[in-house]
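next comes the sequence, and after it the predicted model I'd like to discuss.
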Amino acid sequence: MRFYKDYGIHGTNNPASIGRAVSNGCIRMYNQDVNYVYSLVPIGTEVTIISSQTTDRYYVVQPGDTLYSISQKLGVSYDALLRENSITDPNMIYVGQKLLIPM
């Protein structure tokens, strides 16, 4: 099932590879599970991919970091970083603070 350009949700002849980063963006499922999903989901259904590892959506502030340098390092909008973390004073971040990275 293709969901974006050449990316898809599909089965595999190597079930041990499921859950591992072994493809270039596709989602591997057990063959019986992908067949079941295919039988339930109409063509044209919107697909949203959500990481199972929420830790990859956070950044821990390091010594010398500023919100601007963090936004540049992560390739995200400075304003989005402020909004996502409800920061009203950008000068008040601290080492060890956990920031949610905007998607």
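Ah, there it is.

rest of the way, CA atoms for contacts and neighbours
Noted.

list the contacts for Tyr94?
By C-alpha atoms under 8 Å, 6 or more residues apart in numbering, the contact set of Tyr94 is Val61.

so it: helix, strand or coil?
What DSSP: H, G, I helix; E, B strand; the rest coil gives for Tyr94 is coil.

which one's the longest helix in the chain?
Taking DSSP state H as the criterion, the chain has its longest helix at helix 31-40.

mind saving the C-alpha coords of that one as CSV?
Output of helix 31-40 as CSV, limited to C-alpha atoms (Å, rounded to 0.1, in the frame of the first residue of the first chain):
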residue,chain,number,x,y,z
ASN,A,31,2.2,-10.5,6.0
GLN,A,32,-1.0,-11.5,7.7
ASP,A,33,-1.2,-8.1,9.4
VAL,A,34,-0.7,-6.1,6.2
ASN,A,35,-3.4,-8.2,4.5
TYR,A,36,-5.8,-7.5,7.3
VAL,A,37,-5.1,-3.7,7.2
TYR,A,38,-5.5,-3.8,3.4
SER,A,39,-8.9,-5.4,3.8
LEU,A,40,-10.1,-2.7,6.2
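
show me what the following helix or strand past it is packed up against.
As assigned by DSSP states H and E, the chain's next helix or strand after helix 31-40 is strand 58-60. Counting by 3 or more C-alpha pairs under 8 Å, 6 or more residues apart in numbering; DSSP states H and E, the packing neighbours recorded for strand 58-60 are strand 98-100.

make it 10 Å
Strand 58-60 sits against helix 67-74, strand 98-100, with contacts defined as 3 or more C-alpha pairs under 10 Å, 6 or more residues apart in numbering; DSSP states H and E.

report the rounded mean pLDDT for that strand.
In this model, strand 58-60 has a mean pLDDT of 88.

off-centre distance for that strand?
13 Å (C-alpha atoms, centre = their mean, to the nearest Å).

buried ones in the worst-scoring helix or strand of the chain on mean pLDDT?
Ranked by mean pLDDT, DSSP states H and E, the weakest helix or strand in the chain is strand 2-4, scoring a mean of 80. For strand 2-4, burial by neighbour count (16 or more other C-alpha atoms under 10 Å) applies to Phe3.

give the other helices and strands that it contacts.
By 3+ C-alpha pairs under 10 Å, 6+ apart, strand 2-4 packs against strand 7-10.
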